[in-house]
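Q: need a 3D model of the following:
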Amino acid sequence: MKRTGVLLAVVLMLAGCGEKEYFKQIYLGDVKEYMEEDKDGFILIVNENNQDFQQYVKGVAENEEIIIDMYNVYESEEGAEDNRPALPYDDFSRFNELFYVEDNKVKGNLDVGGYEDMKLTEEVEHFVELYK
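A: Below you'll find the model as predicted:
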């Protein structure tokens, strides 16, 4: 019985030490939290997954230990493939942009598709520093 308790404690400690996910895909319900429920933070709006710039944004998120959520307008729900972009907020009128949302409003945005490689990393780092 004692071994079971110790083993359970070790498993719980290891589960709590999991790596934090700083860059992950979210869905329309999560975007609504930013725009309707006072969640503040960074959202990358894209029109397809696995674009080159995404690795640079992810790198900045991990290095700065700041959460950047990614929303693909053609995947409004997990497993969905929408024929039209699903984004009912006018504040997000462009794709491949990093937005900072605070108090249900977009406070700033950065066109991440307009830069390459290290310049993109520098611009994303600067943008994150402005709003974190």
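
Q: which stretches of this protein have low pLDDT?
A: 1-18 (pLDDT under 70).

Q: which element is the closest residue to residue 64 other than its chain neighbours on?
A: Nearest non-adjacent residue to residue 64, counting by CB to CB, 6 or more residues apart in numbering: residue 128, 5.4 Å away. C-beta: built from backbone N, CA, C; applies to glycine. Following DSSP states H and E, one finds residue 128 within helix 117-131.

Q: and that helix, how far from the chain's centre?
A: Centre-to-centre, helix 117-131 and its host chain are 15 Å apart (CA atoms, centre = their mean, to the nearest Å).

Q: buried residues in that helix?
A: 120-121, 123-124, 127-128, 131 (16 or more other CB atoms under 10 Å).

Q: before we move on, the earlier item: for the residue nearest to residue 64, give its distance to residue 42.
A: 7 Å (CB to CB, to the nearest Å).

Q: now for the two: what residues contact both?
A: 66, 68 (CB atoms under 8 Å, 6 or more residues apart in numbering).

Q: ok, back up a step: and of the buried residues of helix 117-131, the nearest to residue 91?
A: For the buried residues of helix 117-131, the closest approach to residue 91 (CB to CB) belongs to residue 131, at 14.9 Å.

Q: could you say which helix or strand holds the residue lying closest to the closest one once chain neighbours are set aside?
A: With sequence-adjacent residues excluded and distances taken as CB to CB, 6+ apart, residue 131 is closest to residue 100, at 4.1 Å. When elements are assigned from DSSP H and E, residue 100 belongs to strand 97-102.

Q: and if you look at residue 55?
A: Per DSSP H and E: helix 52-64 holds residue 55.

Q: now residue 86
A: Judged by DSSP H and E, residue 86 forms part of no helix or strand.

Q: for the residue nearest to it when sequence neighbours are not counted, give me its contacts.
A: Leaving aside its sequence neighbours, residue 86 sits nearest to residue 76 (CB to CB, 6+ apart; 3.7 Å). Taking CB under 8 Å, 6+ apart, we find residue 76 in contact with 27-28, 82, 86.
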